[in-house]
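> any chance you could fold what I've pasted below:
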Amino acid sequence: MNLLPPHVLHLHSTFAPGGKELRTVQLINAFGAKLRHTIISAEPDQLGAAERIARGIRVSVQPDFPALKGAPLPGRLQHIARAMKPYDLVCTYNWGAMDAVMAHTLFKDLHTLPPLIHHEDGFDESELEKRKTTRTWYRRIALGKSAGLVVPSEVLEGIALTEWQQPIGRVKRIPNGIDTKAFAMRPKPGALRVIKRPGEMWVGTLAGLRTVKNLPRLVRVCAGLAENWHLVILGEGPARGAIEAEIDRLEINHRVHLPGAVADPSRVVGLFDIFALSSDSEQFPLSVVEAMAAGLPVVAPDVGDLADMVSDPNREFITPRGDEGELELALTQLAVDKQLRESVGQANRAKARAQFDQDKMIATYRRLYASAMGREL
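Numbers count the residues shown, from 1 in each chain. As a prediction, this is how the structure comes out:
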């Protein structure tokens with residue numbers, strides 16, 4: 001009799017700290033000793049999110065495994081399929097792991113593979129305006145034998161059902177959730193390397209510094225605010241140079257800070273006075289839920305589910321996608337009105353507590369994974 005807990009294989013495009021990666025860590029920590037885990041990243045040097053896995057969890061990070069990148073040739077796909085065989089559940093994430101999904105569908109019966117659940121959280125820059133036809137067809141075929149397709153947003157749910165032609169019983173929409181109580185706590189003034197001085201006000205954001213986040217736009221939007229307003233960008237990524245170049249061009253280095261990624265956002269988000277996004281694409285950004293739980297108003301473009309995520313009073317500050325002028329106007333309206341910031345923030349906090357607490361999300365994932373494996377969790 002096997003007394004070991006079930007073993008889950010997680011196949012990621014990257015395991016740098018980002019929305020999907022931190023949700024994976026959140027679930028791993030929540031399941032505790034009831035599961036074992038192996039994590040593979042298509043970018044072997046991008047493993048920073050693993051540092052947030054709680055001590056005592058049985059997890060192996062980046063052991064020997066076939067490369068997730070390469071031409072989708074039958075020999076390579078079968079090699080990936082064979083490597084899945086020792087596990088009880090395979091979890092794949094985003095386009096970067098889609099070859100593994102295809103390998104599972106093609107060779108599931110031949111190698112008696114465990115169930116696979118795919119998680120899709122959004123698109124890279126190449127599919128912002130329109131999904132690539134070749135990728136759409138590949139997804140349709142690859143997902144053919146998956147036990148579930150998890151999406152966090154209504155927008156992605158619609159794409160999965162229509163463009164990818166997935167059966168309604170396979171698609172599971174599970175909104176992201178957080179520990180809302182932790183974010184409601186008042187942060188310590190020195191929680192960041194940047195110190196908030198008396199009289200300063202902060203526009204803040206948490207994001208992977210990637211092109212799709214369009215953070216140079218946020219720099220431009222904040223440049224016109226009063227001198228006591230600073231922009232704090234938390235995160236790391238390849239677009240840092242472009243952000244710094246825009247800061248230099250506008251000569252506002254003294255008012256824009258990039259202190260890097262933070263291990264525990266709940267300890268710092270409450271230092272912000274306004275939370276802002278400037279992304280070209282989002283689906284259901286966890287950072288917005290965190291900001292709401294911290295009692296902040298949110299300014300952002302109308303992408304993904306953002307307009308539905310925020311409270312009713314906050315919706316007027318969700319601006320048309322790509323309209324930089326409207327984004328700046330919304331930010332200015334909140335910057336000059338403390339009472340408005342507080343009332344919108346409190347409405348956001350109430351909605352976050354009611355709808356986006358992590359307990360509901362974790363329970364839903366627990367049921368889904370248990371059902372796929374045919375055992376209790």
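> for the chain, what spans make up the strands?
With DSSP state E as the criterion, the chain has strands at 7-12, 36-41, 59-61, 89-93, 116-119, 148-151, 171-173, 201-206, 229-234, 256-260, 274-276, 298-301, 318-319.
> let's have those strands in CSV, adding distance to residue 21, mean pLDDT and mean neighbour count.
The C-beta positions use only the backbone N, C-alpha and C, and glycine is treated the same way. Listed next are the strands of the chain as CSV, based on distance: least, CB to CB, whole Å; pLDDT from 0 to 100; neighbours: other CB atoms under 10 Å:
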stretch, distance to residue 21, mean pLDDT, mean neighbour count
strand 7-12, 7, 98, 24
strand 36-41, 9, 98, 23
strand 59-61, 12, 97, 15
strand 89-93, 8, 98, 26
strand 116-119, 11, 98, 25
strand 148-151, 15, 97, 23
strand 171-173, 19, 96, 18
strand 201-206, 13, 96, 22
strand 229-234, 15, 96, 22
strand 256-260, 16, 94, 17
strand 274-276, 20, 98, 25
strand 298-301, 21, 98, 28
strand 318-319, 26, 98, 22
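> for residue 69, which of the ones you listed is the nearest?
The closest of the strands of the chain to residue 69 is strand 36-41. By CB to CB, the value is 10.6 Å.
> what does that closest one contact?
Strand 36-41 has contacts (CB atoms under 8 Å, 6 or more residues apart in numbering) with 4-15, 24, 28, 47, 50, 57-63, 65, 68, 87.
> tell me which of the strands of the chain lies nearest to residue 363.
strand 171-173 (13.0 Å).
> I'd like the distance from that closest one to the chain centre, please.
Put simply, strand 171-173 sits 16 Å off its chain's centre (CA atoms, centre = their mean, to the nearest Å).
> could you dump the strands of the chain into CSV with distance to residue 164 added?
Listed next are those as CSV, based on distance: least, CB to CB, whole Å:
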stretch, distance to residue 164
strand 7-12, 19
strand 36-41, 24
strand 59-61, 30
strand 89-93, 14
strand 116-119, 10
strand 148-151, 8
strand 171-173, 9
strand 201-206, 29
strand 229-234, 33
strand 256-260, 36
strand 274-276, 32
strand 298-301, 25
strand 318-319, 27
